[in-house]
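Peer 1: fold the following, please.
(2 chains)
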Amino acid sequence: MNIKVTVNGEEYEREVRPDRRLIDFLREDLGLTGVKEGCGVGECGSCTVLIDGESHLSCLTYTPQVNGSEIKTIEGLEEDGQLHPLQEAFVETGGVQCGFCTPGFIMVGLELLEKNLNPSRQEIRKWIEGNICRCTGYSKIVDAIELAGKKLREEGKKIEL
Amino acid sequence: MGFELLVPENKDELFTLMAESNYYLLAGGTDLFVKIEKDLINPDRILDLTNVIEGPKLEDKADKVRISATATHGELAGSPLINREFPLLAESAESVGGVQLRNMATVGGNICNASPSADTLIALYALDASLKLESRNGSRTLPIDEFIKSPGETDLGRGEFLKSITIPKLSGNYRHFFNKVGRRNALDISVCSMGFVLKETDGKIEDIRISFGAVAPKIVRPDSVENYLKGKKLTRKVLPEAKDLLKNEISPISDIRGSAEYRKQVAVRSLEEVVNS
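Peer 2: Residues are numbered from 1 along each chain as shown, chains lettered A, B, ... in the order given. Prediction:
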């Protein structure tokens, strides 16, 4: 079937099989390999992307469902070669170790910061409950989201999804 | 492998497609697609209900609230209306999965999967929810307990879909309580879950509705316990009799999450939460 989607600000019109998962479409057809597949059944959060500003699991979404939608992946965050403040915060705090889970944490973290630039540590922990990291022990990931919120507040910036 | 996924634009299109061949209905997909991924089902055709069910996700009527079957767990948990009228429902929806899953998974899907451990069902049973089903021949409304037959089995007929859920508002001062026991806090499936709503007048129980999940093939509303407690004061004195009555109303199984005996103990023990609430 024919679908039209906007991914990271660019419009695509593609012929896809209706049983093609969104994650495969993004990774294989569009080459956006920052989207990671961990469990494939919606338990690890690695494949999180934003669909119309909400974080969704791209392993449990099929391409016909996103026809006409706007999708954002980790690749869409940098601007002119500059990392997004949330990406920078992950680098600064050491929230990245092996890096496999990082895109998922950043995408879901963006949705939190869009709603609330000053979340408590408990609110951050609750918010990232759907994402699994096997390296960091989570503390530095919580640090990163907290730091990004602080920086954005100080700079008077907002997150727009 | 290989299925068609169609996104009908309206009811008419849906009914026509339903009449053509076998199908699975899709709402959020968080259960359906997992079953496909694990090769538990092998559908030829999937029909997405997203565009078929029109209108607002939540509607505040004078004495009831109408919820669209495609309202997500995130929409329920985040809704000021649901948090004000039915905190039990908001809390049970919030206990499901993570943010991403709650943004996708719908209340209609949770109902139609008819899992004995479905979290929102705890609230919908305690709140006496009724369901509206629609087909080409018209619509029918039935109480949630009549709709759910056994694990995974519902009364949904061929050519029918679940359109909305209606919950009567509670008048007066009700207390709400939700308790989910699992092996971890996040993303878990219940070992035993319980919800209740309770109204007291002059220190005595005027109305109490208790529901238990994951301790029987369906969600249980233990009538004998509710009837015993009505008119009594909520103190530790009522516990021994209430616990004995409850034991006869539940029939848990042993599985990877817990043994039948453990589940029974957790259920009986959680009655104490009613007294301590």
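
Peer 1: tell me how many other residues surround whatever residue of the stretch 51-200 of chain B ends up closest to chain A.
Peer 2: Per C-beta to the nearest C-beta, B:Gly98 is where the stretch 51-200 of chain B lies closest to chain A, at 1.5 Å. For glycine as for every other residue, the C-beta is placed from the backbone atoms N, C-alpha and C. Per other C-beta atoms under 10 Å in any protein chain shown, the neighbour tally for B:Gly98 reads 24.

Peer 1: now it, nearest residue through space, not along the chain?
Peer 2: The shortest distance from B:Gly98 to any non-neighbouring residue, by C-beta to C-beta, 6 or more residues apart in numbering or on different chains, is to A:Gly130 (1.5 Å).

Peer 1: show me what contacts the one you found?
Peer 2: Going by C-beta atoms under 8 Å, 6 or more residues apart in numbering or on different chains, A:Gly130 touches A:Gly45, A:Thr48, A:Val108, B:Gly97, B:Gly98, B:Val99, B:Gln100, B:Leu101, B:Ala186, B:Leu187.

Peer 1: quick check: B:Thr30 touching A:Cys59?
Peer 2: No: B:Thr30 lies out of contact with A:Cys59 (C-beta atoms under 8 Å); the separation is 10.4 Å.

Peer 1: which residues do the two both contact?
Peer 2: Overlap of the contact sets of B:Thr30 and A:Cys59 (by C-beta under 8 Å, 6+ apart) consists of A:Gly42.

Peer 1: from A:Cys47, how far off is the residue nearest to B:Gly98?
Peer 2: From A:Gly130 over to A:Cys47 the distance is 11 Å, taken as C-beta to C-beta, to the nearest Å.

Peer 1: per the record, what domains does the chain have?
Peer 2: Looking at chain A here, since you left the chain open. A:2-76, A:85-154 (automatic domain parsing).

Peer 1: switch to chain B, please.
Peer 2: Structural domains annotated on chain B: B:4-168, B:175-276, as defined by automatic domain parsing.

Peer 1: so which of the contacts of A:Gly130 belong to helices?
Peer 2: Cross-referencing the contacts of A:Gly130 against helices under DSSP state H gives A:Val108, B:Val99, B:Gln100, B:Leu101.

Peer 1: count the residues that sit near B:Leu127.
Peer 2: B:Leu127 - counted by other C-beta under 10 Å - has 24 other residues nearby.

Peer 1: where exactly do the helices run in the chain?
Peer 2: With no chain named, the answer covers chain A. According to DSSP H, chain A carries its helices in the segments A:22-24, A:85-93, A:102-115, A:121-127, A:139-154.

Peer 1: wait, chain B
Peer 2: Using DSSP H, the helices found in chain B span residues B:11-20, B:32-37, B:73-78, B:80-85, B:87-94, B:99-104, B:107-113, B:119-126, B:144-147, B:223-229, B:239-247, B:260-276.

Peer 1: next one: the last one to chain centre, how far?
Peer 2: Shown here is helix B:260-276, whose average C-alpha point lies 20 Å from the average C-alpha point of the whole chain (C-alpha atoms, centre = their mean, to the nearest Å).

Peer 1: tell me the angle of that helix relative to helix B:239-247?
Peer 2: Interaxial angle, helix B:260-276 versus helix B:239-247 (axes from the mean of the first three to the mean of the last three C-alpha atoms, to 10 degrees): 140 degrees.

Peer 1: could you export helix B:260-276 as PDB, CA atoms only?
Peer 2: In PDB, the C-alpha atoms belonging to helix B:260-276 read as follows (Å, rounded to 0.1, in the frame of the first residue of the first chain):
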ATOM      1  CA  ALA B 260      -2.600 -20.600  43.800                       C
ATOM      2  CA  GLU B 261      -2.100 -20.700  47.500                       C
ATOM      3  CA  TYR B 262       0.100 -17.600  47.400                       C
ATOM      4  CA  ARG B 263      -2.500 -15.800  45.300                       C
ATOM      5  CA  LYS B 264      -5.300 -16.800  47.800                       C
ATOM      6  CA  GLN B 265      -3.300 -15.500  50.700                       C
ATOM      7  CA  VAL B 266      -2.500 -12.200  48.900                       C
ATOM      8  CA  ALA B 267      -6.200 -11.700  48.100                       C
ATOM      9  CA  VAL B 268      -7.400 -12.500  51.600                       C
ATOM     10  CA  ARG B 269      -4.700 -10.300  53.100                       C
ATOM     11  CA  SER B 270      -5.500  -7.400  50.800                       C
ATOM     12  CA  LEU B 271      -9.000  -7.200  52.400                       C
ATOM     13  CA  GLU B 272      -7.100  -5.800  55.400                       C
ATOM     14  CA  GLU B 273      -6.300  -2.900  53.100                       C
ATOM     15  CA  VAL B 274     -10.000  -2.100  53.000                       C
ATOM     16  CA  VAL B 275     -10.000  -1.700  56.800                       C
ATOM     17  CA  ASN B 276      -6.700   0.200  56.900                       C
END
